[in-house]
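>>> Here is a sequence together with a model predicted from it:
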Amino acid sequence: MFKTSTKVFEDRREIFLKKLNGRAAIIPSSNLVKHHADCEYPFRQDSNFWYLTGFDEPDSIALFLSNKPKGERYILFVAPKDIISEVWHGFRWGIEGAEREFKADKAHSINDFKHLLPAYIGDSEEIVYSIGKNSKIEKIVLDIFSRQLEARSRVGIGANSIKSPEIYLNEMRLIKSDFEINRMREATKISAEAHELVRKSISSKHNERQIQGLIEGFFLEKGARGPAYNSIVASGDNACILHYTSNNSDLTDGDLLLVDAGCSLIDYYNGDITRTIPIGGKFSREQKLIYEIVLEAQKTAIKKSVKGSTSTNVHNAALRILVEGLREIGLLRGDTNQIIEQGLYKHLYMHRTGHWLGLDVHDVGAYRMGEYDIPLQNGMILTVEPGIYISDRIPVPEGQPSIDQKWKGIGIRIEDDILVNETEPEILSIGAKKEISDLEF
Ligand code: GLY
Ligand code: MN
Ligand code: MN
């Protein structure tokens, strides 16, 4: 069973406990999810639980008691050792392992959670718990909370409200530590190498599925847990379906292949890279024109991914180049500002230009507070991923040019993972080539 340095997690718990400022936080793990009869989906730990514990088992709960003295603040409830279960399902650390190896101040069996929780949280003013994610644990927490609320009117202590842990954790997770930046370098390096492998072997492949196999096999070979999300391997018009994951069409010479894939490391740090390459080794005139627009938009947006800028600036920078480029080749008509303000480009570009990246692929953290855009800071990691998708699925807005057949079926996205630095943005996924001269053969 995987285990990483405990120090990283100890430091995070220290900060989290400080932020809790007297509150009691209950953070459950993920559970196994049934796929079909007697079979489960691969286990994926809850990112917040992982971030604070480094404990990679289901059926666990971490309890943080920030009003207690040191040595009594971090309680783990875990699946107890059970030889028969372990023979069927694999090793567990058990109660002793949770204390010894994962530094819980105290560990208990998960089966004791219900009856031990009231005493643990009885004198906390507020409970920190994420509502709506785990119905079984939520029922226990809410039952105890409502009983304590009732008692509070008589005994004068107990929780009187529930707050979301995201208030404390999102902010922490948004700014990556040096340790996390190194892990993200590793995740993006492996992901970029997988894209290079695709680029170099495309001429010998004839179906999208083979490309998926190549990429995901490479992730495993490199020791990653697997793909960070369902790999998108979309040739030709399939690329115009943003979350295409069937990955089972034959490849056609003359079409483009859009691959959006990244690995998830064993400790859940993720890459998220998209490259679009010519299957037969040469871009057509139309494909090249669109590719050049997207690439210029992406490079311009990356330059905006600097300290003090905002994700809105990054998006707007890309959008302006895309709209101007599309106007020049006659796929949009009118004044650039008006096209942008009225959203008249949305049949060709229908998503935002990026998102935070980390333990979640669409990582936690605010992009804005109401009208106020959060400024980019050192240690933030974001994707920059403009695209153009030309099909007749979305009707052309009134007043905009109809689309000539020669453009249809072109779907291009270019996505890199960017670390915001004191100086230049660092392109973590730089290893995956994207210049036309590198993609043609
Ligand atoms: N692969 C998901 C995304 O690019 O957001
Ligand atoms: Mn992305
Ligand atoms: Mn992606």
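Done, it's in. Ligands and ions are numbered 1, 2, ... in the order given.
>>> quick one: low-confidence parts of the stretch 151-300 of the chain?
In the prediction, the stretch 151-300 of the chain carries no residues with pLDDT under 70.
>>> what's residue 130 in contact with, if anything?
27, 48, 164-166 (C-beta atoms under 8 Å, 6 or more residues apart in numbering). (Glycine included, C-beta is placed from N, CA and C.)
>>> Buried only: go through the residues you listed for me.
Buried subset of the contacts of residue 130 (neighbour count, 16 or more other C-beta atoms under 10 Å): 27, 48, 165.
>>> Pipe the residues you listed into JSON lines and attach distance to ligand 3 per row.
Below are the buried ones among the contacts of residue 130 laid out as JSON lines (distance: C-beta to the ion, whole Å):
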{"residue": "27", "distance to ligand 3": "28"}
{"residue": "48", "distance to ligand 3": "22"}
{"residue": "165", "distance to ligand 3": "27"}
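>>> In contact with residue 257, which residues?
By C-beta under 8 Å, 6+ apart, the residues touching residue 257 are 198, 202, 208, 211, 233-235, 239, 251, 276-279.
>>> do you know how far it is from residue 410?
Computed with C-beta to C-beta, to the nearest Å, the distance linking residue 257 and residue 410 is 12 Å.
>>> shared neighbours of these two, which are they?
With C-beta under 8 Å, 6+ apart, residue 257 and residue 410 have common neighbours residue 239.
>>> out of the contacts of residue 257, which are inside strands?
Using DSSP state E, the subset of the contacts of residue 257 located in strands is 233-235, 276-278.
>>> Look up phi and psi at residue 18.
phi -60, psi -50 (degrees, to the nearest 10).
>>> where does it land on pLDDT?
You'll see residue 18 listed with a pLDDT of 98.
>>> Around it, count how many other residues there are.
By the criterion of other C-beta atoms under 10 Å, residue 18 has 10 neighbours.
>>> Residue 302 too?
A count of nearby residues for residue 302, using other C-beta under 10 Å, gives 21.
>>> all strands in the stretch 251-400 of the chain, in order from the N-terminus.
With DSSP state E, counting those that start in this stretch as the criterion, the stretch 251-400 of the chain has strands at 256-261, 263-264, 273-278, 368-369, 372-373, 381-384, 387-390.
>>> How about the last one and ligand 3, touching?
Pointing back at strand 387-390 there. No - judged by C-beta under 5 Å from the ion, strand 387-390 stays clear of ligand 3, getting no closer than 10.0 Å.
>>> Now do residue 96 against residue 280, distance only.
60 Å.
>>> So those two - more neighbours on which side?
Set residue 96 next to residue 280 and count neighbours by other C-beta under 10 Å: residue 280 wins out with 16 against 12.
>>> The closest residue to that one other than its chain neighbours - how many residues pack around it?
Sequence neighbours aside, residue 253 is the residue nearest to residue 280 in space, at 3.7 Å (criterion: C-beta to C-beta, 6 or more residues apart in numbering). If you count neighbours by other C-beta under 10 Å, residue 253 ends up with 11.
>>> Show me the one of the strands of the stretch 251-400 of the chain that comes nearest ligand 2.
Nearest of the strands of the stretch 251-400 of the chain to ligand 2, taken as C-beta to the ion: strand 381-384 at 4.1 Å.
>>> helices and strands around that closest one, which ones?
helix 285-303, helix 311-328, strand 416-419 (3 or more C-beta pairs under 8 Å, 6 or more residues apart in numbering; DSSP states H and E).
>>> For the residue nearest to residue 280, give its distance to residue 221.
Separation of residue 253 from residue 221 (C-beta to C-beta): 29 Å.
>>> sec struct for residue 183, please.
Following DSSP: H, G, I helix; E, B strand; the rest coil, residue 183 is assigned to helix.
>>> Please identify the buried residues of the host helix or strand of residue 219?
Element membership of residue 219 [criterion: DSSP states H and E] is helix 208-221. Neighbour-count burial for helix 208-221, with 16+ other C-beta under 10 Å as criterion, is recorded at 208, 210-212, 214-216, 218-219.
>>> Tell me which two in these are the farthest apart.
Pairwise distances across these (C-beta to C-beta) peak at 16.8 Å, for the pair 208 and 219.
>>> Tell me which of the helices and strands packed on strand 381-384 sits most buried.
strand 416-419 (a mean of 26; mean count of other C-beta atoms under 10 Å).
>>> In terms of secondary structure, what does that strand contact?
Using 3+ C-beta pairs under 8 Å, 6+ apart: strand 416-419 touches helix 178-201, helix 285-303, strand 381-384, strand 426-427.
>>> Looking at those, which is nearest to residue 392?
Residue 392 lies closest to helix 285-303 among the helices and strands packed on strand 416-419, at 15.5 Å (C-beta to C-beta).
>>> Just the CA trace of that closest one, in CSV.
Presented in CSV, the C-alpha positions along helix 285-303 are these (Å, rounded to 0.1, in the frame of the first residue of the first chain):
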residue,chain,number,x,y,z
ARG,A,285,-4.6,24.7,-45.8
GLU,A,286,-7.8,25.2,-43.7
GLN,A,287,-6.5,23.1,-40.8
LYS,A,288,-3.2,25.1,-40.8
LEU,A,289,-5.1,28.4,-40.7
ILE,A,290,-7.2,27.3,-37.7
TYR,A,291,-4.2,25.8,-35.9
GLU,A,292,-2.2,29.0,-36.3
ILE,A,293,-5.0,31.0,-34.8
VAL,A,294,-5.4,28.7,-31.8
LEU,A,295,-1.6,28.5,-31.3
GLU,A,296,-1.2,32.3,-31.3
ALA,A,297,-4.2,32.6,-28.9
GLN,A,298,-2.6,30.1,-26.6
LYS,A,299,0.8,31.7,-26.6
THR,A,300,-0.6,35.1,-26.0
ALA,A,301,-2.8,33.8,-23.1
ILE,A,302,0.2,32.0,-21.6
LYS,A,303,2.1,35.3,-21.6
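>>> residue at max distance from the center of the protein?
Computed with C-alpha atoms, centre = their mean, the residue of the chain farthest from its C-alpha average is residue 154, at 45.6 Å.
>>> before we move on, the earlier item: looking at the helices and strands packed on strand 381-384, which is nearest to ligand 1?
strand 416-419 (10.0 Å; C-beta to the nearest ligand atom).
>>> average pLDDT across that closest one?
For strand 416-419, the per-residue pLDDT values average out at 99.
>>> now do stretch 390-402
Stretch 390-402 comes out at a mean pLDDT of 97.
>>> How about stretch 122-130?
Computed over stretch 122-130, the mean pLDDT rounds to 94.
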